[in-house]
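Participant: generate a structure from the sequence data that follows.
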Amino acid sequence: MTRIDFYVLAGDDPLARLHLVCKLAEKAVGARQKVFIYSDSEQQLEQLDESLWDFRAMSFIAHQRLPAGHIPSSSDNDPVQLSSGEPANDRNLLINLASEVPPFFSRFERTLEVVNEQADVQSAGRIRYRFYQQRGYPLNHHKIP
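Facilitator: Next up is the predicted model:
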């Protein structure tokens, strides 16, 4: 069963939220996990794509941005993939930035939900939390100051 981790970031800065996603992706790649970052916003994916290049001065996270209609193949092998479309079957960690629960979340070993105190992000996060809770998924909560 998929383990769900909610990372709740203090404040409402959308860039701080993306920075946390970069840190989580970096940690996952260091643990040799294959990461899929999902968002329903192409603008957000563009910002995240840029952030993964330079969020730390001395590091780079190898990643690939896949278009929404892209059909995953064996040539899509970067440790981190970003998309608003379907993930490849070889991914084991999902980081969700979308406002709704992705229909494919249960294919992953873990799903990370990253929320902050922006009213719309927080409200959508609460709805997703209840969705997972009502279906009996193991939930973990991490407050990030």
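
Participant: for this protein, what are the low-confidence residue spans?
Facilitator: Applying pLDDT under 70 to the chain flags the ranges 74.

Participant: and the helices in it, which stretches?
Facilitator: Using DSSP state H, the helices found in the chain span residues 14-30, 42-54, 119-134.

Participant: out of these, deepest packed?
Facilitator: helix 14-30 (a mean of 18; mean count of other Cβ atoms under 10 Å). All C-beta atoms are positioned from the backbone trio N, CA, C, and that covers glycine.

Participant: list the helices and strands that helix packs on?
Facilitator: In terms of contacts (3 or more Cβ pairs under 8 Å, 6 or more residues apart in numbering; DSSP states H and E), helix 14-30 is packed against strand 3-9, strand 35-38, helix 42-54, strand 93-96, strand 110-115.

Participant: how distant is that helix from the center of its chain?
Facilitator: A distance of 9 Å separates the C-alpha centroid of helix 14-30 from that of its chain, computed with Cα atoms, centre = their mean, to the nearest Å.

Participant: of the helices of the chain, which is nearest His70?
Facilitator: Across the helices of the chain, His70 has its closest neighbour in helix 42-54 (12.3 Å, Cβ to Cβ).

Participant: who's in contact with the most centrally placed residue in the chain?
Facilitator: Nearest to the mean C-alpha position of the chain, by Cα atoms, centre = their mean, lies Ile95 at 1.8 Å. Under the criterion of Cβ atoms under 8 Å, 6 or more residues apart in numbering, the contact partners of Ile95 comprise 21, 24-25, 35-38, 111-112, 114.

Participant: identify, from these, the entry nearest to Pro103.
Facilitator: Proximity of these to Pro103 (Cβ to Cβ) peaks at Tyr38, which lies at 10.3 Å.

Participant: would you confirm that Val29 contacts Val80?
Facilitator: Yes - taking contacts as Cβ atoms under 8 Å, Val29 lies within contact range of Val80: 6.4 Å.
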